[in-house]
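# When you get a sec, could you give me coordinates for this:
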Amino acid sequence: MEFSKTSMSLFLFFILVSSSYATSRITHQQRFPSTKFSSNGRAEQLIRSFNLFPKHSANIHGEYSIDDFVPGKIVEKKFSFLASSNGTSVQDLGHHAGYYSLPRSKSARLFYFFFESRNGAKDAPVVIWLTGGPGCSSELALFYENGPFQIANDLSLVWNDYGWDKGSNIIFVDQPIGTGFSYSSDENDIPTDGTGVSNDLYAFLQVFFKEHPQLVKNDFYITGESYAGHYIPALASRVHKGNKNKEGIIINFKGFAIGNGLTNPEIQYPAYTQFAVDNKLITKEDQADINKLIPFCVGAAKNCVSKGGESCETALQQCQLIFTNILAIAGNINYYDIRKKCEGELCYDFSNLEKFLNNNKVKDALGVGKIEFVSCSSEVHAALVQDWMLNYEKDIPALLEDGIKVLIYAGEFDLICNWLGNSQWVHAMKWSGQKQFGASKSVPFMVDGKNAGSLNSYGALSFLKVNGAGHMVPMDQPKASLQMLVNWIEGKLNGTKI
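Alright, predicted model coming up:
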């Protein structure tokens, strides 16, 4: 499956197929080439759309030493960066970086950043952020969305006034293995589904809280974006199960938030045409034509959920036809933000991220040795191809019934994981509050006295459509995203500002 111009967001999750398949109307009888054959090429083009050029397809190399590998061990250090071009140093405000050795693996080490709350509050919640792709590093979010600082054009750092560390202690993890600075000597250490990813992250959290016992009683939240719409419900269920079974440290798990996620493909793919016609990307006649593909997509998606395996690759191929037909008509739009256009394959320029993190002084500060930073991994992307079309909404109702807070939010201008498809699966989800949530009235989400979004909520469930944002809400609306996080955690999402 090759695509022509695929801009893959830091946290993006959608495979795009080549324009050679989309330049004319595609009928359901046509098929893409084998996903196994073209997955690496597809991911490479996704990566290029961000102007990223990782040296390796994944941080999986036989020469990585396993002699000092101690399963379950965590090695963490404090670090400081330069915060401005004049050489001013970032003061030690509790910035940490480290490696966790995965016990179930041959030699896998999971890399993470941890930033203590900038406001110094001892009871500040602990938040973990997961980036999508699948296979993209969480440093994309750290330095371009909601981390403590951002990369300037001269490769110095500037403080992010709306970093989420202002309202929490926040962890950014390079996951799955092979992504970012996370590495192994064995490709079999790369997980192939959300269950594997969540088991690795749960094991990491157990040891993280042992390393930081002062945070064990603090509220804990899981957040992320895009393909993390798979990872987050899986991890939420794993943490909740671990707590119930008293498997280790009881994590004070309170809730999770998914931004512009891919969670229930069977519902989200068919929503593309309505979103596209509402935003004048296609005509109603185009919509009627493309909608003929929907029954085949839905049927294949159901088959994937029931059978798994290669049937999920078939489902992906069927459902992608809806998306690529829309792109063939819409032209060179940026499908992460339809207000914008892409220049050829380039939709965003995140190239400074690789320059910064592969700088030897930076790597020394982080303690990663000679490991090369892999911004987005084509190998990890390919490993999860049979996970793509699975439904991860299925585990959310049980969490809601047990009082776990759930926030689904989406920027209004994102096509690829659009607000409409997310709203539809949220409203279709069967739980005890489904009827009341469906009957709830939308209320404005206010920031500085202005309407920044539209909120529906009932009980533990909230859905927020964010105005003026695309796929990456914290990048497009940084102040609104921080206020969203803080107010949601405090239980007053439609209440006061920061």
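# Tell me how far residue 233 lies from residue 426.
According to C-beta to C-beta, to the nearest Å, residue 233 stands 12 Å off from residue 426. To be clear about C-beta, it is placed using only N, CA and C from the backbone, and glycine gets the same treatment.
# what does residue 169 give?
To residue 426, residue 169 is 28 Å away according to C-beta to C-beta.
# what packs against the longest strand seen in the chain?
Ranked by residue count and defined by DSSP state E, the top strand of the chain is strand 450-458. Counting contacts by 3 or more C-beta pairs under 8 Å, 6 or more residues apart in numbering; DSSP states H and E, strand 450-458 is packed against helix 434-439, strand 443-447, strand 461-466, helix 478-489.
# Just put those in CSV and tack on distance to residue 260.
Formatted as CSV, the entries for the helices and strands packed on strand 450-458 read as follows, by distance: least, C-beta to C-beta, whole Å:
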stretch, distance to residue 260
helix 434-439, 20
strand 443-447, 16
strand 461-466, 9
helix 478-489, 11
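# Mean neighbour count, those: which tops it?
Of all these, strand 461-466 has the most neighbours on average by mean count of other C-beta atoms under 10 Å, namely a mean of 24.
# So what's the gap between the next helix or strand after it and the chain middle?
The C-terminal neighbour of strand 461-466 among helices and strands, as given by DSSP states H and E, is helix 473-476. What separates the centre of helix 473-476 from the centre of its chain is 13 Å, taken as C-alpha atoms, centre = their mean, to the nearest Å.
# and helix 473-476, what does it pack onto?
So helix 473-476, by 3+ C-beta pairs under 8 Å, 6+ apart, packs with strand 405-411, helix 478-489.
# Residues contacting it, please?
The contact list for helix 473-476, computed with C-beta atoms under 8 Å, 6 or more residues apart in numbering, reads 141, 144-146, 162, 164, 225, 259-260, 337, 409-411, 466, 468-470, 480-482, 484.
# now the residues you listed: which count as buried?
Listed as buried from the contacts of helix 473-476 are 141, 144-146, 162, 164, 225, 259-260, 337, 409-411, 466, 469-470, 480-482, 484; burial here means 16 or more other C-beta atoms under 10 Å.
# residue ranges with poor pLDDT in the stretch 1-150 of the chain?
Counting by pLDDT under 70, the ranges of the stretch 1-150 of the chain that qualify are 1-74, 77, 80-94, 105.
# which element follows the helix or strand hosting residue 306 toward the C-terminus?
Residue 306 is part of helix 294-307, with elements assigned from DSSP H and E. Under the assignment DSSP H and E, the closest C-terminal helix or strand after helix 294-307 is helix 310-330.
# mind listing what's buried in that following helix?
Taking 16+ other C-beta under 10 Å as the basis for neighbour counts, the residues of helix 310-330 that come out buried are 311-328, 330.
# And stretch 384-394, by the same measure?
Neighbour-count burial for stretch 384-394, with 16+ other C-beta under 10 Å as criterion, is recorded at 384, 385, 386, 387, 388, 389, 390, 391, 392, 393.
# so who does the fourth one touch?
By that I understand residue 387. Taking C-beta under 8 Å, 6+ apart as the definition, contacts of residue 387 comprise 134, 192, 193, 194, 230, 312.
# switch to 10 Å and redo it
Under the criterion of C-beta atoms under 10 Å, 6 or more residues apart in numbering, the contact list for residue 387 reads 134, 191-197, 227, 230-231, 234, 304, 308, 312, 316.
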